[in-house]
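J.: take a look and give me a structure for this.
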Amino acid sequence: MEYLDDVPAQEVNAADLKRTLRRYLRFWPLFAICIILALAAAWLYLRYTTPQYLSRASLYVQSSTGGKKGDFTGLSDIQSMALPSGFGSNEVDNEVSIIQRKPLMLKVVKKLNLDVKLVKEGKIRETDWYVNAPVRGTVLHLKDPRNFGNCVYTLTPLRGNSFQLQSETGKITGVYGTPVQDKFGSFVLHRTEFPLTTPVKLVVSNPQLIADGLEASLNVQIPEKKSSIMELSRIGADPMRSEDILNEIMAQYNAEGIEERNEEAVATAKFVDERLDLITAELGGIESQKENFKEANKIADLQAQAQLSLQNASESTRKLMELNTQMEMVDGVLRAASSSSNDQLLPTNLGMPSGLDPVINEYNQLVLTRNRTAKQATPSNPAIQQFNKDISSLRDVIRENLRKSKANLQVSISQLQTEINKTSGELGKFPQQERIFRNIERQQNLKEALFLYLLQKREETSLAMAVTAPKAKVVNPAFTGRIPVSPKKNIVLLGAAIIGFLLPFIFLYVRFLLDTYIHSRKQIAEAIPEAVILGEIPNAGKDNEGIIGKNDFSSFAEAFRIVHTNMKFMLKKISKGQTPVLLVTSAVKGEGKTTISINTALTLAQSKKVLLIGADIRNPQLKRFMEVQTVGLSDYLADPDMKVLDIVSPSPFSEKLDIIHSGTIPPNPTELLEDRKFGTMLEELKPLYDVILIDSAPVMMVSDSFSLIDYADLLVFVMRAGHTDKEMLEFAKHLMQDKAKGKIGIVLNDVNALNLSYGNKYGYGYYTEGVKKKSFLSKLKI
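T.: Now for the predicted structure:
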């Protein structure tokens, strides 16, 4: 019955989709339970998981393009003072690594006492006691920092200022504020203003490990490229603790910047003080020489005498003073640059010739960077060695430039001195005392100018050291959002619901995918397109004995009427007006061929005279439905003298149904069924009956039924839903092509109501009893 041939493809696909959905919806209680369990697990997770909050802070760091070097205070009167050449020119990308370095994190740990903490113990989870903690502490010394992780104590308050610590190794009694000694090292505990009345858990940890954890938890980002803003963020369970950590990181970062800036300022101040001491001594000697000269020569005022002559030489003298000043500066810096130490910083902003100030600034910045890196690395580190090479190279460049500048200054001084000597010759009319006095006065003015210049630089350097402007400006102090970033309630619940739905879906999908059994006539039609499917027999139910009764209008009985109707169409084409012989068989045992045989016979017996022959003489199954006679088919075939009517017995179910039982189980069933006497028997019985049904053995297990196929006008091949493997379809296909071409019809037995071709919603009239509702637990059986 190819009833789907004329149905459009779209309708067939819609029907398949609907059937697939019904297949899954059949297990809706499983989906409901899994979703409820998943949501319950999600609720427990949300209930007992410590929420995590995101804390943020932001810093503004002035980049190298933000203004003139040294103009970090915004005051015009100290723009040229001896400040670090790199200050105000921080590259923000580099500062990201600096603010995350381990020494800074270790300072934060020690400042906030994070290496000693109290822990509140709950029934399920533990939480750190940071806010309003009654006890604070810090680690003083560790004997073996590399191999120490933490030590857990139970802190019990005692009378007065005492306490007791109990660990796995023993008990320790101590006093607040006094170091506590243990095997791993020492630590100290301090009381706060909050009281401690009950024992509490105390954890002493390695500060370096806590610093490593802070470094890992700290996230530093630059919002936009070339931006001078650094955004700091951290996720933690305690918002107050996270905010304190971020604020302390920013404070320590600024403190280190001020320390680095003051290092260079101190070096400049030291150099200026040394030069001031030397110039002061020289200036005192010149003044004494001038005083002695005046006293010896009784000179009071020579300016009126030499004013006119010296007016022409004043310009040359002024230039000579400037060149001598520069010569002194070059000599001083050259001596500093010629020292053997690579750690010495050179003075800056002294008005050096040939544009040497930027080069000296670059040299000082390189020395500071090398010193900062050396705090975290050994001298053999490639970076330290490269710094040393760069410092030495730059130092050589500075020395070479200083020597060239000195030579140029000497040439210029020589030229000016020649001009002055020429002018002095023109003053020959003046006494020798005048020339000597003016020479002394020139030396005095030179030293005074240098003294005042150095004195100004010392004041500027002292002011720079006094100014404690931070390295970076805090744009936003640490703050925490009210909504936790994890776990996110909506996402967790949604994810749980999805998982609760997917788990049974995947289980059922895999189960269906691995299911190798036949469940519907559609599977048969797809595997054997040319097959004729006589009908589908639904499950009879537990209360049904598997036998249709009189006036039975159940769906089970109606299915056999449909099979009967379809048989009529086939028999009209096959039989030639004689009594048709129907052979009922299956591939393997347990597919319900005997049930199909007897119920088909009862259906036909409602309007015809029917004979049912039990030809499964190896394992007769008619005994499940009625009492069987000891004499039957096997006895008749084995006894040549027995008459066929001797083995025919009436059926207890219908007056129009007679039965030939299997009889005694013989040792040679195949030989008996192959005997011609079986065909003779059928010829004798055909005039007596309208239809003859033969219930035979499974054709795939034994060869008994193959000899009976030639007698049959219609071979009824029984398959059982959920029992017959799909591999049996290939066997049925070969059977149809080789042995029973054109006269085989398939009956699918024990079909679930959901897998019926038309479901169970198209029941009609008085024979529709509906589908019985299953219990809740029966629906979960998979």
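
J.: for the rest of this, base every contact and every neighbour count on C-alpha atoms.
T.: Noted.

J.: mind checking how far residue 315 is from residue 571?
T.: Distance from residue 315 to residue 571, counting by Cα to Cα, to the nearest Å: 141 Å.

J.: looking at those two, which is more packed in?
T.: residue 571 (18 against 13; other Cα atoms under 10 Å).

J.: hang on, isn't the more buried one packed against residue 578?
T.: No. With contact defined as Cα atoms under 8 Å, residue 571 does not reach residue 578; the gap is 10.1 Å.

J.: average pLDDT across stretch 283-290?
T.: Average pLDDT, stretch 283-290: 79.

J.: likewise stretch 158-171?
T.: Rounded mean pLDDT across stretch 158-171 is 89.

J.: okay, now the unreliable bits of the stretch 251-400 of the chain?
T.: 294, 296-313, 340-343, 350-351, 353-355 (pLDDT under 70).

J.: same question, the stretch 651-782 of the chain
T.: Checking the stretch 651-782 of the chain against pLDDT under 70 turns up 754-755, 757-782.

J.: pLDDT wise, what is residue 224 at?
T.: So, for residue 224, pLDDT stands at 78.

J.: next: the one 4 residues further on.
T.: Predicted confidence (pLDDT) at residue 228: the value is 84.

J.: next one: the one 5 residues further on
T.: With respect to pLDDT, residue 233 scores 93.

J.: what's the neighbour count on it?
T.: Per other Cα under 10 Å, the neighbour tally for residue 233 reads 22.

J.: same thing with residue 437?
T.: Neighbour tally, residue 437, other Cα under 10 Å: 18.

J.: the helix or strand harbouring it - what's its average pLDDT?
T.: Assigned by DSSP states H and E, residue 437 falls within helix 432-466. Throughout helix 432-466, pLDDT has a mean value of 77.

J.: and it, what does it pack against?
T.: Under the contact criterion of 3 or more Cα pairs under 8 Å, 6 or more residues apart in numbering; DSSP states H and E, helix 432-466 touches helix 239-297, helix 303-337.

J.: so which of these gets nearest residue 149?
T.: Residue 149 sits nearest to helix 239-297 of all these, at 21.2 Å, using Cα to Cα.

J.: tell me the pLDDT of residue 137.
T.: 93.

J.: out of everything not next to it in sequence, what's closest to it?
T.: residue 189 (4.2 Å; Cα to Cα, 6 or more residues apart in numbering).

J.: next, count neighbours for that neighbour.
T.: 20.

J.: over to the one 5 residues further on?
T.: Under the neighbour criterion other Cα under 10 Å, residue 194 is assigned a count of 10.

J.: helices along the stretch 551-700 of the chain, start to end?
T.: 555-574, 593-604, 633-638, 669-673, 677-685 (DSSP state H, counting those that start in this stretch).

J.: quick one: which of those helices is nearest residue 220?
T.: Comparing those by Cα to Cα, helix 555-574 comes nearest, at 74.0 Å.

J.: the closest one to helix 593-604, inter-axis angle?
T.: Inter-element angle recorded for helix 555-574 and helix 593-604: 80 degrees (by axes from the mean of the first three to the mean of the last three Cα atoms, to 10 degrees).

J.: in helix 555-574, what counts as buried?
T.: Buried residues in helix 555-574, defined by neighbour count with 16 or more other Cα atoms under 10 Å: 555-564, 566-567, 570-571.

J.: angle of the helix holding residue 437 against helix 239-297?
T.: Interaxial angle, helix 432-466 versus helix 239-297 (the same axes, to 10 degrees): 170 degrees.

J.: ends of stretch 121-134, what's the gap?
T.: 15 Å.

J.: list the contacts of it.
T.: 48-49, 117-120, 191-196, 200-201, 238, 240-241 (Cα atoms under 8 Å, 6 or more residues apart in numbering).

J.: where do the helices sit along the stretch 351-500 of the chain?
T.: Taking DSSP H, counting those that start in this stretch, the helices of the stretch 351-500 of the chain run over residues 356-374, 382-426, 432-466, 489-514.

J.: of those, which is nearest residue 548?
T.: Closest approach to residue 548 among these (Cα to Cα): helix 489-514, 32.4 Å.

J.: helices or strands up against the closest one?
T.: helix 28-48.

J.: average model confidence for the helix it packs on?
T.: Mean pLDDT, helix 28-48: 92.

J.: contacting residues around that helix?
T.: With Cα under 8 Å, 6+ apart, helix 28-48 has contacts from 124-125, 487, 489, 492-493, 496-501, 503-505, 776, 779-780.

J.: ok, now stretch 436-445?
T.: So stretch 436-445 is contacted by 283, 286, 287, 289, 290, 293, 317, 321 (Cα under 8 Å, 6+ apart).
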